[in-house]
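Visitor: Would you be able to build a 3D model of this:
(one chain, ligands or ions: 2)
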Amino acid sequence: MSIISVKNLTYIYNEDMEDEVIALDNVSFDVEEGEFIALIGSNGSGKSTLARLLNGLREPTMGEVLVSGIPTTDSKRRFEVRKSVGVVFQNPDNQMVTTIIEDDVAFGPENLGLPSEEINARVDWALECVGMSGHRKGTPFRLSGGQKQRIAIAGVLAIKPKVLVLDESTAMLDPRGKKEVMDTIERIREKEGMTVIMITHFPEEASRADRVIALDKGKIVIDEPSHTALADVERLRSYGLDAPLPARVAYGLKQRGVELGEIVTARELAEALCRLK
Ligand SMILES: Nc1ncnc2c1ncn2[C@@H]1O[C@H](COP(=O)(O)OP(=O)(O)O)[C@@H](O)[C@H]1O
Ligand SMILES: [Mg+2]
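Guide: Ligands and ions are numbered 1, 2, ... in the order given. Prediction:
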């Protein structure tokens, strides 16, 4: 069974009103356990709406979302669904609830009604996962943006979700903060084998995923291994998206008659250029 199964999902805001918006239009895909998916798409393409549907914060207008086979509309099992899919949002400041870091990370497991030893163990583990163990007793206010976002991720991890969804969680960070968060995601994937769906505007970040799903005006227009998805500069452009810089350089050279093949990473570009000599 897929860990997430999205079937003919349509989501309409303000249905039958003048300002009706079809945010998701007949979207279908499955996510298998352990996958690392980048969800891309220009502004307003429906990415955040999809994130909220994946953990039952919103319910489908048509179609369905199943989490480990449970429909997100099953009101008796809503709690199970919320617990299975943890979402980290864009602005870390809106995700901090207390003034001491360990309390912040403990907030989720406390709401699950777990015994205090278990909560403690989860806080330890979650802070370790994001590389912030040394800050346990500190306050979130003095942290950098990247550190705050790592604490927000720890808070979601402490719930032990099966799937971690990050909705442009690096968008507000400086380059160093972005790198911290990306490295954290990679560490969690390596150590815990967690299923990750990362919504991002940055093609270089998407290239770290195994699979890329692109939305355009609420429809899935690409669902492929990340390498082939991100190497196709022209197709990405047609949806208002950028390819990673090395792919764009290779594309520019191709137009001048220099064929380098399918290039996504800087390393691939460097190797292909070396082979030219
Ligand atoms: N609360 C809302 N009410 C009405 N329309 C909304 C609301 N949230 C988003 N939308 C609209 O739904 C579409 C998809 O938005 P969103 O899912 O936020 O896209 P993305 O995250 O890809 O930028 C956009 O046209 C947006 O204006
Ligand atoms: Mg969004």
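Visitor: need the next SSE after the helix or strand hosting Lys148, C-terminal direction.
Guide: Assessed by DSSP states H and E, Lys148 sits inside helix 145-157. Counting by DSSP H and E, the element after helix 145-157 in chain order, helix or strand, is strand 163-167.
Visitor: Which strands and helices lie in contact with that following strand?
Guide: helix 47-54, strand 85-88, helix 145-157, helix 175-192, strand 195-199 (3 or more C-beta pairs under 8 Å, 6 or more residues apart in numbering; DSSP states H and E). Just so you know, the C-beta spots here come from the backbone N, C-alpha and C atoms, and that holds for glycine as well.
Visitor: Just the residues contacting it, thanks.
Guide: 3-4, 31, 47-48, 51, 54-55, 67, 84-90, 153, 156-157, 185, 188, 194-200 (C-beta atoms under 8 Å, 6 or more residues apart in numbering).
Visitor: Go again with 6 Å.
Guide: 48, 51, 54, 85-89, 194-199 (C-beta atoms under 6 Å, 6 or more residues apart in numbering).
Visitor: what's the angle from that strand to helix 47-54?
Guide: 150 degrees (axes from the mean of the first three to the mean of the last three C-alpha atoms, to 10 degrees).
Visitor: Strand 163-167 near ligand 1 anywhere?
Guide: No. Judged by C-beta under 6 Å from any ligand atom, strand 163-167 stays clear of ligand 1, getting no closer than 7.3 Å.
Visitor: From the centroid of this structure, which residue is nearest?
Guide: Met198 (1.7 Å; C-alpha atoms, centre = their mean).
Visitor: and that one, how far is that from ligand 1?
Guide: As defined by C-beta to the nearest ligand atom, to the nearest Å, Met198 lies at a distance of 13 Å from ligand 1.
Visitor: cool, and Val6?
Guide: From Val6 to ligand 1 the distance is 14 Å (C-beta to the nearest ligand atom).
Visitor: neighbours around Ser238, how many?
Guide: Residues lying near Ser238 (other C-beta atoms under 10 Å) number 11.
Visitor: got the helices and strands packed on strand 163-167 as JSON lines, with distance to ligand 2 columns?
Guide: Listed next are the helices and strands packed on strand 163-167 as JSON lines, based on distance: least, C-beta to the ion, whole Å:
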{"stretch": "helix 47-54", "distance to ligand 2": "3"}
{"stretch": "strand 85-88", "distance to ligand 2": "12"}
{"stretch": "helix 145-157", "distance to ligand 2": "16"}
{"stretch": "helix 175-192", "distance to ligand 2": "17"}
{"stretch": "strand 195-199", "distance to ligand 2": "7"}
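Visitor: Tell me the pLDDT of the closest residue to Val258 other than its chain neighbours.
Guide: Once flanking residues are discounted, Val258 sits nearest to Leu276: 7.2 Å by C-beta to C-beta, 6 or more residues apart in numbering. Leu276 is assigned 87 on the pLDDT scale.
Visitor: Phi and psi next, for Leu276.
Guide: Here is the backbone geometry of Leu276 (degrees, to the nearest 10): phi -70, psi -30.
Visitor: what's the answer for Val221, then?
Guide: Per degrees, to the nearest 10, the backbone of Val221 is at phi -110, psi -20.
Visitor: Looks like it contacts Val212 (just checking).
Guide: No. Val221 lies out of contact with Val212 (C-beta atoms under 6 Å); the separation is 10.7 Å.
Visitor: of these two, who's got more company?
Guide: When Val221 and Val212 are compared for neighbours, Val212 comes out ahead with 24 against 16, by other C-beta under 10 Å.
Visitor: tell me which element that one is part of?
Guide: strand 211-216.
Visitor: who does that strand touch, helix- and strand-wise?
Guide: Here strand 211-216 touches strand 36-40, strand 219-225, helix 226-231, going by 3 or more C-beta pairs under 6 Å, 6 or more residues apart in numbering; DSSP states H and E.
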